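**Student:** With the sequence up front, the predicted model follows.
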Amino acid sequence: MLRKFFHHWERSIFGDDADDRRPQAFGWGLENLEGVELEGTGYQLVEVAAELCAASENFYRTKEITRVTFDGTRLAFDSPFPSPDIEVQRVTARLFESSAAEGRAIVVVPQWNADEGSMVQACNILNYFGFSALRMTLPYHEERRPGYMVRADAMVSPILGLTIQSIRRAVVEVRLAVQWLRQRGYRHIGLLGTSLGSCIGFLALAHDEDLKVAALNHVAGEFADVVWSGLATQHVRASLDQHIDLETLRRCWAPISPVHFAARLLKNRPKLLMISGAYDPIFLPAHSQALVDALDRANVDFRRLVLPCGHYTLGRPPFYLIDAYLIVRFFRRHLG
C-alpha cells in the first residue's frame, strides 16, 4: 500500500515536465570521447569502455585550473575538455561562504536538469551549521545549456559516447573545484551529491584524495540500469530500444558506473553516507543495493540509510528535513 501511494505521488511530480522528455536518435558516439580515436561499431565502444575503466586514473585526471574569475560569490573557470557548444566550455559555480567554516567546505553537485534554485536551500542549511558550500552548475544546465536544448539531454543521452564524456567532464570539473577550494585555504573538503550528482560525486570521491567525506542522496551501481528501468529516463530507453541490449549498455557505460570503482575507496578510505528511498521508481532499490554489495565485497566502510519515501518525495516535507538532519549530523561528525 505504501509503495502504491509513493509511486502515485512520484508520478504526479514527474508529470509536471514529462512533455519535454522526447526520444532522440541513437548513436555510439565514439567521436565524443576526447583522446579516443577509434570509430565504428558498438563492439569497439565496449572494448574502449573496458580500457577506460582499467585506466580510470588517467581518464578522470585533472590539470591546472585555468582562467579563473571570482566576484565573491560567482566562480567561473575553463572546462577541461573542448565542446562545440560555447556555453559548455565555461564552468560556473556559486560559493555560499560561512565565516564559521574554519577551513571546512562542501562541494554540492545537483541532480539532472537542476535549475538555478536547486540545492540552494541545502547550501543555506550547510551555512547555518558552519560549512561553506560550493554549488556546481553541471554541464548543459542553467547558463551552460545551449539555446537549442530544452533540457540537459546531453548529460544522459542515447548517444552513448556523449553521455560518457558529459559525465567525465562533470567529474573532472568537480575535481578542479576541489583544487580551487584548496587554493582558497579550505583544508577539509566534503561532497554532497543528489541523484545524477551522486554518480558524479562518487566517481570524484573515488579519484580525488582531497575529498575526505561524502553524503550521497539516491545512489546506484550501474548507470545503465537506472536509464533502462527508471521512470525519469523512459524517453532515453525508448531511444535505446532496437539498438542495444541492457548487458551491452552496461559494458559501454562501465566507465561512468560507480560499481566498478568501489574498491578504489580503499586507497583514501573516505567517510561515506548513502541515503536511498525505499519506494524510489527512478533509482530502484535493486540499483542501490548493487552499489552496496560492491562496497561490501571490497570491504569498504560506509553507512547506508533507507528512508520511507521515493525519489522526488525526498525533497518534500517531512523527508527533506530528515535528510538534512542526517547529512548535517554526518558532516559535523566527520568533516574536520
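**Tutor:** Nice, I can see it.

**Student:** From the rest of the structure, what touches stretch 287-303?
**Tutor:** 202, 218-222, 225-226, 229-230, 258-259, 262-263, 265-266, 269, 272-274, 276, 280, 304, 330 (Cβ atoms under 8 Å, 6 or more residues apart in numbering). Every residue, glycine included, has its C-beta placed from N, CA and C.

**Student:** hmm, try it at 7 Å
**Tutor:** For stretch 287-303, the external contacting residues (Cβ atoms under 7 Å, 6 or more residues apart in numbering) are 219-222, 225-226, 258-259, 262-263, 265-266, 269, 272-274, 276, 304.

**Student:** Also stretch 208-220?
**Tutor:** 175, 178, 182, 188-195, 198, 201-202, 204-205, 226, 268, 270-276, 280, 283, 287-288, 290-291, 311, 314, 323, 327, 330-331, 334-335.

**Student:** which of the residues in that stretch are buried?
**Tutor:** For stretch 208-220, burial by neighbour count (16 or more other Cβ atoms under 10 Å) applies to 208, 211-220.

**Student:** sorry, back to before: can you turn the buried part of the contacts of stretch 287-303 into a PyMOL selection?
**Tutor:** Listed next is the PyMOL selection for buried residues among the contacts of stretch 287-303, using 16+ other Cβ under 10 Å:
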select buried, resi 219+220+221+222+225+226+258+259+262+265+272+273+274+276+304
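
**Student:** Name every strand pairing with whichever strand or helix holds residue 306 and say which way it goes.
**Tutor:** Assessed by DSSP states H and E, residue 306 sits inside strand 303-307. Sheet pairing of strand 303-307 (DSSP bridges) gives strand 271-277 (parallel).

**Student:** ok, residues contacting the partner strand?
**Tutor:** In contact with strand 271-277 (Cβ under 7 Å, 6+ apart) are residues 212-219, 283, 285, 288, 302-307, 309-311, 314, 323, 326, 330, 334.

**Student:** ok now it, how far from the chain's centre?
**Tutor:** Chain-centre distance of strand 271-277: 14 Å, with Cα atoms, centre = their mean, to the nearest Å.

**Student:** farthest-separated two in the buried residues of stretch 208-220?
**Tutor:** 212 and 220 (23.0 Å; Cβ to Cβ).

**Student:** Tell me the buried residues in the helix or strand harbouring residue 248?
**Tutor:** Using DSSP H and E, residue 248 sits in helix 246-252. For helix 246-252, the neighbour count (16+ other Cβ under 10 Å) marks 248-252 as buried.

**Student:** likewise stretch 112-125?
**Tutor:** Quick answer for stretch 112-125 (16+ other Cβ under 10 Å): 112-114, 118-120, 122-123, 125.

**Student:** And stretch 268-288, by the same measure?
**Tutor:** 270-277, 279-284, 287-288.

**Student:** And the buried residues of stretch 112-125, which is closest to residue 142?
**Tutor:** For those, the nearest to residue 142 is residue 114 (7.5 Å; Cβ to Cβ).

**Student:** Kindly provide the distance from the closest one to residue 138.
**Tutor:** For residue 114, the distance to residue 138 under the criterion Cβ to Cβ, to the nearest Å works out to 7 Å.

**Student:** for residue 300, same thing?
**Tutor:** 26 Å.

**Student:** higher neighbour count, those two?
**Tutor:** Taking other Cβ atoms under 10 Å, residue 300 and residue 138 do not tie; residue 138 has more neighbours (28 against 17).

**Student:** how about that one, what does it touch?
**Tutor:** Counting by Cβ under 7 Å, 6+ apart, residue 138 has contacts 110, 114, 152, 155, 170.

**Student:** Now residue 75: phi and psi?
**Tutor:** phi -110, psi 140 (degrees, to the nearest 10).

**Student:** Do I have it right that it meets residue 93?
**Tutor:** Yes - under the criterion of Cβ atoms under 7 Å, residue 75 makes contact with residue 93 at 4.5 Å.
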